[in-house]
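Undergrad: Please work out how this folds:
(chains A, B, C and D)
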There are 2 protein chains.
Amino acid sequence: MKHITIKDIARELNVSVSTVSRAMNDTFDISAKTRDKVLKTAKEMGYHPNPVAKRLHQQKTFQVGVVIPEFINDFFPQIIMGMQNVLQAEGYQLLIMQSNECFETEMENVLKLEENMVDGLLISLSRETQNIDYYNKLYEKGMPMVFFNRVNEMIKAPKVIFNDFKWSYFAVEHLIKQGCKNIIHLAGYKHLSLSRERIRGYEKAMNKFHLPYDDDCIIETGFMIDEGEIVMKRLLDKGICPDGIFATNDPTAIGAIKALKSAGKRIPEDVCIIGFSEAMWSEVVDPPLSSVSQPTNLIGYHAAHLLLEQLNEKQTEDNTIKLDGKLVVRTSSQRG
Amino acid sequence: MKHITIKDIARELNVSVSTVSRAMNDTFDISAKTRDKVLKTAKEMGYHPNPVAKRLHQQKTFQVGVVIPEFINDFFPQIIMGMQNVLQAEGYQLLIMQSNECFETEMENVLKLEENMVDGLLISLSRETQNIDYYNKLYEKGMPMVFFNRVNEMIKAPKVIFNDFKWSYFAVEHLIKQGCKNIIHLAGYKHLSLSRERIRGYEKAMNKFHLPYDDDCIIETGFMIDEGEIVMKRLLDKGICPDGIFATNDPTAIGAIKALKSAGKRIPEDVCIIGFSEAMWSEVVDPPLSSVSQPTNLIGYHAAHLLLEQLNEKQTEDNTIKLDGKLVVRTSSQRG
DNA sequence: TACAAATTCGGAATCGTTTCCGAAAATCGG
DNA sequence: CCGATTTTCGGAAACGATTCCGAATTTGTA
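TA: Numbers count the residues shown, from 1 in each chain, chains lettered A, B, ... in the order given. Next up, the predicted model:
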C-alpha cells in the first residue's frame, strides 16, 4: 500500500514540494500554468493528500468523539445519524464509544478520546453518572463539547434536550382523559434531568386534575425491559394494581406489559399504559404501545451544529436547545 | 488546549528529545536512572504522546473502517460491539459508516475511509451491491479486509458468515413438523449469498419432506417491515394464503404478520411463521416471533480477529468462518 | 533604458514523534 | 593502567504536509 506523496510529484516534475503544495491548495502565489501542470500529474499519479500529515501540521484531527450509553436500542443510532449528516459534510469523522451505562467506562472513553486528540465531544451521560466535575473542567479548558438527551443541569457546556416536562404532562393528561384515576409513574434515575422533568410533568398533570398520588406512585425503575417487568411484578405481588401507567421509556413500558399480561390483566381495559421515546418496534408489540415520539434526527442535528459553532470559535449565545415531539396514541392507552 | 510535547520535557530536564523518547518507549539504550527521571516529570507535566505524530512516523493510523448497511436494527450494532471488544484492546479505533443499503453510498464510504488511511476495512455489503471488483482490487493491492454477514462468494478477502443453509433448513423443517404443508419463503435479494443460501435451505427441506413448491413460493421481498407487509398483502389480495411462512429476517416476518392480522388470519392457528436473525424485540411482538438466532457478538469477534491477522501480516490460512446459531421457537410457529 | 513593483518559485522551518549514526563516557579484561 | 567493549546519550534525518522568507524572474512605469 505505497502511497504517492507530494515529493513524488515534485520529483516527477522537477519542481519543489512547496510548489506542489501551492498547486494543491490553489494559493495566490503560483502561476496558472504550473498549477494546472501539477494538478494534472497529481491526478495521473493518483495522489491523495495524507490526512495524518495535514492533521499534524494543522494541529487538528477532524475527528469528534461521541459517547453514548448504548446503541442496542434504535434511539441513539438515530441521533448519531443526525450528527453524521451534519459533521461528515464539514469533513469530520465520528468516533463512537459506548459507556454501557457505566460511569467508569464513560470516563475511560472520554479519556481515550482526549488522548486521541479529538477536536470535540458529543456526550450523553450514562445512567450512573452523577459526578460531572471532570466535564466542566474539560469544557473550561476549552474543549468543544455538547451534551444531549442524558444531561445534568450542572453541566456548563451547551445541551440539546427534549421538553420532557411538557410532554410528560401531555402523556399523563392523555391517560387521565381516558378515565384513569390511579396512575403510577415508572421513573428513570433521578440524577438525570430528564427523569426529574418527567416526574415533574407527571406531578403537574396529577395536581391539575386533582388526582391523588404519593411517593409510592413514583417508582425509580431504570431503562430496560426487565427492570420494568420486575418492578411491575413486585407491585402486583403486593396486590397493587394501578389503572394507568406512565413509563419513563418504551422498554420499561414493555416490561410492565409483560408482567401485567402474565397476571391476567387486560390492556387497555384494566390498565392503560404509555411509554416515552417511541422505539421503532413500539407499533408491533402487543398491544401497540402509545408513546411520546422524540425528533431523534433533530437532536443529532442540533447537537452537531452547536459543536460546529464551538469548533469554528463562534460564540454560542444560546446554551440550551429544547425540542418538542408528539404524542403517538395507540391501543395500549386507548379506551372506547 | 495547549498540549505538552516531548520537547517541553526535554527542555525542562536539559536532555535531548531522543532521550525522552527512549524513556517513553523503554528502549535498551537508556540508563534506568534517567528513564525514571524522565518518566516522573513526564507524568508531573501531564504528558500524553501525540498520536497523530506517532501515526505519521509509523505510517499507520490504528483506525479501521466499518461499513454496514444500517444501524437502526440491533443486529449490526451488536456485531460492532463484538468488534470493538477485540480491536480496542489492540489499540484500534473504529470508524463506522452506513451505506443505507445504497451501493453508491457504500463506495463513497469506502473511498472516504481509504483517503483517511484506515489500516483495514470491515464490510457488510448493502443489499444493492453486485459489483465487487473494486473490493477485490483493493484486497489484492494489500488492504487488510474482512467481509461479514452480507457477503458475495466472488469476494477474495476473508469472510465471516452464518451457516444460512443449515439453519434455514432447520427453520423450514420446524414449520413442516408443526403440520405446515403449503410453505412460502419471503426471500432476500438474490445477489447476496445469504439470500441464496436461505433459499437453498428452504428447498432442501421442502424436497426432503416431499412438499410441493414452485418459483412463486420463493418471493424476493427485501429486508424491511413494510416490504414484508406489502408482499404479504399482495398475496392475500390474490387469494393466496400459505399455512407456513419462512421469512428471510425478523422485520419481513413482522410485516407479514401485520398483513395477515388485518386480513383476519390467526397465527399460528391458520399460519405458522418463523423469522431469521433474532431481533431484540422478537419476543415482545404479537405473537412472539420464532426465529433463528445468530451469534452476533461472535460474528464481530471473528471478523475482528481475521482482520488483526492481516494487520499483523500473519498469513490467514482459513479464509471463511462459518458460524452456527440456534432455533428459538415461540408462539408464532408453535401449534398444539 | 533603468529602476521599482509584482509575480513566481525554491529552501528551510515547522508540527511531534521515532530511529539511525556516531561520539563521549563508563566499564571491563588482562 | 591501557586498549577494547559496552553503555548512554545528543544530533540529525525522516514521516508528509504547510508556510514563511527571500531570491530570481518577470512585468510595469517613468
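Undergrad: Of all residues in the stretch 51-200 of chain A, which one is closest to DNA strand D?
TA: Scanning the stretch 51-200 of chain A for proximity to DNA strand D using CB to the nearest atom of the strand identifies residue A:53 as nearest, at 3.3 Å. Bear in mind the C-beta positions are built from the backbone N, C-alpha and C, glycine included.
Undergrad: What is the burial count for the nearest residue to residue A:116 once chain neighbours are set aside?
TA: Leaving aside its sequence neighbours, residue A:116 sits nearest to residue B:51 (CB to CB, 6 or more residues apart in numbering or on different chains; 5.7 Å). Number of residues near residue B:51 (other CB atoms under 10 Å in any protein chain shown) recorded here: 19.
Undergrad: Over to the residue of the stretch 51-200 of chain A closest to DNA strand D. Which of the three states is it?
TA: State at residue A:53, reduced to three classes by DSSP: H, G, I helix; E, B strand; the rest coil: helix.
Undergrad: and it, what is it in contact with?
TA: By CB atoms under 8 Å, 6 or more residues apart in numbering or on different chains, the contact list for residue A:53 reads residue B:56.
Undergrad: now residue A:265
TA: Residues counted as contacts of residue A:265 (CB under 8 Å, 6+ apart) are A:236, A:241, A:271.
Undergrad: Tell me how far it lies from DNA strand D.
TA: 67 Å (CB to the nearest atom of the strand, to the nearest Å).
Undergrad: can you give me phi and psi for that residue?
TA: phi -80, psi 150 (degrees, to the nearest 10).
Undergrad: again, but for residue A:166
TA: Dihedral angles (degrees, to the nearest 10) for residue A:166: phi -60, psi -50.
Undergrad: Residue A:97 too?
TA: phi -130, psi 150.
Undergrad: Now do it: how many residues are near it, please.
TA: Residue A:97: 22 surrounding residues under other CB under 10 Å.
Undergrad: try residue A:58
TA: 10.
Undergrad: And for residue A:264?
TA: Residue A:264 has 8 neighbours, counted by other CB under 10 Å.
Undergrad: next one: residue A:41
TA: Neighbours of residue A:41 using other CB under 10 Å come to 16.
Undergrad: and what of residue A:129?
TA: Residue A:129: 23 surrounding residues under other CB under 10 Å.
Undergrad: Quick check: phi and psi on it?
TA: Torsion angles, degrees, to the nearest 10, at residue A:129: phi -70, psi 120.
Undergrad: cool, residue A:326 as well?
TA: Torsion angles, degrees, to the nearest 10, at residue A:326: phi -150, psi 160.
Undergrad: now residue A:65
TA: Here residue A:65 shows phi and psi, under degrees, to the nearest 10, equal to phi -90, psi 140.
Undergrad: that older thread, by neighbour count, which of the contacts of residue A:265 wins?
TA: Highest count within the contacts of residue A:265 by other CB under 10 Å belongs to residue A:271, 25 neighbours.
Undergrad: check contacts around that one.
TA: Residue A:271 touches A:241-245, A:260, A:265, counting by CB under 8 Å, 6+ apart.
Undergrad: who in the stretch 51-200 of chain A is up against chain B?
TA: A:51-53, A:55-56, A:61, A:71-74, A:77-78, A:80-81, A:84, A:93-96, A:98, A:114-117, A:141-143 (CB under 8 Å from any CB of the partner chain).
Undergrad: ok, and the closest non-adjacent residue to residue A:252?
TA: residue A:228 is the one closest to residue A:252 (CB to CB, 6+ apart), at 3.3 Å.
Undergrad: can you tell me the average pLDDT over the helix or strand hosting residue A:76?
TA: Assessed by DSSP states H and E, residue A:76 sits inside helix A:75-89. The average pLDDT within helix A:75-89 is 96.
Undergrad: So what touches it?
TA: So helix A:75-89 is contacted by A:64, A:66, A:68-71, A:93-94, A:96, A:122, A:124, A:148-149, A:277, A:279, A:294, A:296-301, A:303-305, A:307-308, B:71-72, B:77, B:98 (CB under 8 Å, 6+ apart).
Undergrad: hmm, back to that, quick one, grab the pLDDT at the residue of the stretch 51-200 of chain A closest to DNA strand D.
TA: pLDDT at residue A:53 comes out at 97.
Undergrad: number of nearby residues for residue A:297?
TA: Using other CB under 10 Å, residue A:297 is surrounded by 14 other residues.
Undergrad: swap in residue A:35?
TA: 17.
Undergrad: Looks like it contacts residue A:22 (just checking).
TA: Yes: between residue A:35 and residue A:22 a contact is recorded at 7.5 Å, counting by CB atoms under 8 Å.
Undergrad: what's stretch A:8-23 in contact with?
TA: For stretch A:8-23, the surrounding residues in contact (CB under 8 Å, 6+ apart) are A:6-7, A:29-30, A:34-35, A:37-39, A:41-42, A:45, A:47.
Undergrad: okay, those in JSON lines with secondary structure and distance to DNA strand C next?
TA: Output for these, formatted as JSON lines (DSSP: H, G, I helix; E, B strand; the rest coil; distance: CB to the nearest atom of the strand, whole Å):
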{"residue": "A:6", "secondary structure": "helix", "distance to DNA strand C": "10"}
{"residue": "A:7", "secondary structure": "helix", "distance to DNA strand C": "11"}
{"residue": "A:29", "secondary structure": "coil", "distance to DNA strand C": "4"}
{"residue": "A:30", "secondary structure": "coil", "distance to DNA strand C": "4"}
{"residue": "A:34", "secondary structure": "helix", "distance to DNA strand C": "4"}
{"residue": "A:35", "secondary structure": "helix", "distance to DNA strand C": "7"}
{"residue": "A:37", "secondary structure": "helix", "distance to DNA strand C": "8"}
{"residue": "A:38", "secondary structure": "helix", "distance to DNA strand C": "9"}
{"residue": "A:39", "secondary structure": "helix", "distance to DNA strand C": "12"}
{"residue": "A:41", "secondary structure": "helix", "distance to DNA strand C": "14"}
{"residue": "A:42", "secondary structure": "helix", "distance to DNA strand C": "14"}
{"residue": "A:45", "secondary structure": "coil", "distance to DNA strand C": "17"}
{"residue": "A:47", "secondary structure": "coil", "distance to DNA strand C": "16"}
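Undergrad: Look up the closest residue to residue A:329, ignoring the ones flanking it.
TA: residue A:290 (5.0 Å).
Undergrad: Could you give the bridge partners of the one you found?
TA: Residue A:290 forms beta bridges with residue A:274, as assigned by DSSP bridges.
Undergrad: Residue A:145 now?
TA: Beta-bridge pairing of residue A:145, defined through DSSP bridges, involves residue A:121.
Undergrad: distance of it from residue A:93?
TA: Distance of residue A:145 to residue A:93, computed by CB to CB, to the nearest Å: 17 Å.
Undergrad: likewise residue A:177?
TA: 48 Å.
Undergrad: quick one: which of the two has more around it?
TA: Set residue A:177 next to residue A:93 and count neighbours by other CB under 10 Å: residue A:93 wins out with 23 against 11.
Undergrad: Give me the neighbour count for the closest residue to chain B within the stretch 201-336 of chain A.
TA: Here the stretch 201-336 of chain A gets closest to chain B at one residue, residue A:286, 2.7 Å apart by CB to the nearest CB. If you count neighbours by other CB under 10 Å, residue A:286 ends up with 16.
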